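One predicted model, sequence on top.
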Amino acid sequence: MGQKLKITGWVAAGAVAGVLTTVSLQTVARGSLAPLPLEELQQLAAVFGMVKSDYVEPVDEKKLISDAIAGMVAGLDPHSQYFDKKSFKEFREGTTGRFVGVGIEIAQEDGLVKVVSPIEGSPAFRAGLKPNDLITRIDDTAVRGLSLNDAVKRMRGEANTKVLLTIYRKDENRTFPVTITREEIRTQSVRGKVIEPGYGWIRLSQFQERTVDDFVKKVEEIYKQDPNLKGLVLDLRNDPGGLLDAAVAISAAFLPENVTVVSTDGQLAESKFVYKAAPEFYQRRSGTDPLRGLPAALKTVPLVVLVNEGSASASEIVAGALQDHKRATIMGSQTFGKGSVQTVRPLGPDTGLKITTARYYTPSGASIQAKGIVPNVLVDESAEGSPYAALRMREADLEKHLASGQGPETKDPEREKARDEARKRLEEEARKPPQERKVPEFGNDKDFPLLQAIASLKGAPVIVSKTQVIVDNKEEKKEN
């Protein structure tokens, strides 16, 4: 496989793009032999000259060119992107699961930053931060009013620098400051536990470089705790994707050897490829098979895969492969629908281009793009339904999204009406006291879809959604 692809760089397989392989840089050179539109290039040069000489104040030449490249690439689709020095660094951090910060998983609550969980062994963990702590200030900046991304940027920084967090601990009704020294953090993309005797739960929040190794360790822990596992839930809800090789490996962990996991097709010859459940398709260079130590029972244990509108790309590959091979029951909501391949090519030591080069297809040949994976069993996010699902963006909602390539898309005339109703419900919910609108976290005893998954594994009745609408490329149908 390596010789065929002439591996030299990166390939992205996620809504959060990932690092794996790309076709040789020779393909870039081959593409450059195409005739150039000289008249249009002369026009571009003329505009560049006019801006440089006539604009109200001096402009930086490098920024002009960088912005021109970024605009050209952004016009293709929502996932193609030009990386400048800063964004390329952030991209690499996202795919490795490493960054410099304090080491907490966070969410937003009441306009503040809530600590979901401190990462074990991190500076925040050692400083005594606890789940449900609220961060009210970061250094001298009040958190209320900041977006979650802005808060993250303020907490990140250079290694060995300090950040002052003001913490409100609700169960103790006190506010106190904590000074934390930033250091390199390795994020955990795998969580799991035995839910009850005989039934396990493994959650993948992203497909990163360490995901497969961490997955193997977690499976081994669960089987050590309960060797006679009767059923397993693989939780891919809100997993935005990541590395293609990790998705192939996780699929291979459950599937028979050498069956098709996913195929790709694009303009380049190298983009036409079939990935199978075998080590040569997911094993890193000069490494051993990371799945070699998995319990043999994992190939046959009854399996439910949980997905929702936030499950995208690499997580859709896994769900699609397990569904097509009838290895698992897929439960939840129709997935995001990001079925395109992004190849990342370096343009220099610290800049790069992420460009869409192919579409993904499930083993049965179905395109994931702009449709997603339709669960075998539709399950709402709570016993009351999925009141805010209509507000969530999917691939098909993104401007300039790539079509599936398998027939025309249709629009749901009721979608905007449903969104208006969901917005009203959300406004009503926001007026409730905080304790009445707390959303249960994945994996706890109030996790409704997880409870339905366990019921399914036991052969017990499942509370199936009666309201979810499936969006198809050719038709729309309501499941009852």
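Received the coordinates, thanks. Being a predicted model, the structure only gives us computed values, none of them experimental. Residues are numbered from 1 along each chain as shown.

which parts of the helix or strand hosting Lys218 are buried?
In this structure, Lys218 sits in helix 211-225 according to DSSP states H and E. Neighbour-count burial for helix 211-225, counted by 16 or more other Cβ atoms under 10 Å, picks out 211-212, 214-216, 218-219, 222-223. For every residue, glycine as well, the C-beta is placed using N, CA and C.

I'd like the residues you listed as JSON lines, with pLDDT and distance to Val178 appended.
As requested, the buried residues of helix 211-225 are exported to JSON lines (pLDDT from 0 to 100; distance: Cβ to Cβ, whole Å):
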{"residue": "Thr211", "pLDDT": "95", "distance to Val178": "30"}
{"residue": "Val212", "pLDDT": "96", "distance to Val178": "34"}
{"residue": "Asp214", "pLDDT": "95", "distance to Val178": "28"}
{"residue": "Phe215", "pLDDT": "98", "distance to Val178": "32"}
{"residue": "Val216", "pLDDT": "97", "distance to Val178": "35"}
{"residue": "Lys218", "pLDDT": "97", "distance to Val178": "30"}
{"residue": "Val219", "pLDDT": "98", "distance to Val178": "35"}
{"residue": "Ile222", "pLDDT": "98", "distance to Val178": "34"}
{"residue": "Tyr223", "pLDDT": "98", "distance to Val178": "38"}
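
so which of those would you say is closest to Lys85?
For the buried residues of helix 211-225, the closest approach to Lys85 (Cβ to Cβ) belongs to Thr211, at 26.9 Å.

residue contacts, the closest one?
Residues in contact with Thr211 (Cβ atoms under 8 Å, 6 or more residues apart in numbering) are 97, 189-190, 204, 242-243, 246, 250.

just to revisit the earlier point, okay, the buried residues of helix 211-225 in a markdown table with distance to Glu109 next?
Output for the buried residues of helix 211-225, formatted as a markdown table (distance: Cβ to Cβ, whole Å):
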| residue | distance to Glu109 |
| --- | --- |
| Thr211 | 27 |
| Val212 | 32 |
| Asp214 | 27 |
| Phe215 | 29 |
| Val216 | 34 |
| Lys218 | 28 |
| Val219 | 32 |
| Ile222 | 30 |
| Tyr223 | 36 |
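
List just the nearest of the residues you listed to Val115.
Val115 lies nearest to Asp214 out of the buried residues of helix 211-225, by Cβ to Cβ, at 21.3 Å.

you'd agree the closest one is up against Thr187?
No: counting by Cβ atoms under 8 Å, Asp214 sits too far from Thr187 to count as a contact (10.0 Å).

Of the contacts of Thr211, which belong to helices?
Among these, the members falling in helices are 246, 250 (criterion: DSSP state H).

for the stretch 201-350 of the chain, what spans make up the helices?
Counting by DSSP state H, counting those that start in this stretch, the stretch 201-350 of the chain has helices at residues 211-225, 244-254, 314-324.

Which single one of the buried residues of helix 211-225 is nearest to Thr181?
Proximity of those to Thr181 (Cβ to Cβ) peaks at Asp214, which lies at 25.5 Å.

check contacts around the closest one.
Listed by Cβ under 8 Å, 6+ apart, the contact set of Asp214 reads 188-190.

Kindly tell me how buried Leu38 is, as a neighbour count.
Per other Cβ atoms under 10 Å, the neighbour tally for Leu38 reads 8.

quick revisit: now, which of the buried residues of helix 211-225 sits nearest Leu450?
Distances from Leu450 to those, taken by Cβ to Cβ, are shortest for Ile222, at 14.9 Å.

residue closest to the middle of the protein?
Pro240 (1.3 Å; Cα atoms, centre = their mean).

you'd agree it is up against Leu204?
No: between Pro240 and Leu204 there is no contact under Cβ under 8 Å: 10.8 Å.

and for the two, which residues touch both?
Common neighbours of Pro240 and Leu204, using Cβ under 8 Å, 6+ apart, are Ser315.

Looking at the contacts of Asp214, spot the one nearest Pro349.
Ranked by distance to Pro349 (Cβ to Cβ), these are led by Ser189 at 27.8 Å.

measure that closest one to Arg98 for me?
Ser189 sits 12 Å away from Arg98, going by Cβ to Cβ, to the nearest Å.

quick one, strands of the stretch 301-450 of the chain?
Secondary structure of the stretch 301-450 of the chain (DSSP state E, counting those that start in this stretch): strands at 303-307, 329-332, 340-346, 352-361, 377-378.

Other residues contacting the shortest one?
Pointing back at strand 377-378 there. Here strand 377-378 makes contact (Cβ under 8 Å, 6+ apart) with 329-333, 452, 456, 462, 464-465, 468, 470, 479.

Could you break the protein into its assigned domains?
What the record gives for the chain is the domain set 2-96, 98-186, 190-337+369-478, from automatic domain parsing.

and the end-to-end length of the shortest one?
Distance across domain 98-186, first residue to last, is 5 Å (Cα to Cα, to the nearest Å).

Where do the helices of the stretch 51-200 of the chain begin and end?
Under DSSP H, counting those that start in this stretch, the stretch 51-200 of the chain gives helices at 61-74, 85-96, 123-126, 148-155.

if I look at Ala159, how far off is Arg182?
Relative to Arg182, Ala159 is positioned 6 Å away (Cβ to Cβ).

that older thread, widest-spaced pair of the buried residues of helix 211-225?
Thr211 and Tyr223 (18.5 Å).

Export the contacts of Thr211 as CSV, with columns for neighbour count.
Below are the contacts of Thr211 laid out as CSV (neighbours: other Cβ atoms under 10 Å):
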residue, neighbour count
Gly97, 19
Ser189, 21
Val190, 21
Leu204, 28
Gly242, 32
Leu243, 29
Ala246, 30
Ile250, 29
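
Could you pull up the contacting residues of Pro177?
Pro177 sits next to 164-167 when contact means Cβ under 8 Å, 6+ apart.

out of the residues you listed, which is most surrounded?
Comparing the contacts of Pro177 by number of neighbours (other Cβ under 10 Å), Leu165 comes first, having 25 neighbours.

contacting residues around it?
For Leu165, the contacting residues are 102, 129, 135, 137-138, 155, 177-180, by Cβ under 8 Å, 6+ apart.

what's the spacing between it and Leu44?
Taking Cβ to Cβ as the measure, Leu165 falls 48 Å from Leu44.

again with Asp140
Counting by Cβ to Cβ - Asp140 and Leu44 are separated by 45 Å.

For those two, indicate the residue with more neighbours.
Per other Cβ under 10 Å, whichever of Asp140 and Leu44 has more neighbours is Leu44, with 13 against 7.

doesn't the more buried one fall inside a helix?
Yes: Leu44 sits within a helix when classified using DSSP: H, G, I helix; E, B strand; the rest coil.

Report pLDDT for the nearest residue to it once chain neighbours are set aside.
Nearest non-adjacent residue to Leu44, counting by Cβ to Cβ, 6 or more residues apart in numbering: Ala68, 7.2 Å away. pLDDT recorded at Ala68 is 93.

Run a quick neighbour tally on Ala68.
Using other Cβ under 10 Å, the number of residues around Ala68 comes to 15.

cool, and Glu196?
12.

Does it have any beta-bridge partners, and if so which?
Counting by DSSP bridges, Glu196 forms beta bridges with Tyr199.

Verify the contact between it and Ala455 for me.
No: if you go by Cβ under 8 Å, Glu196 and Ala455 don't touch, sitting 11.6 Å apart.
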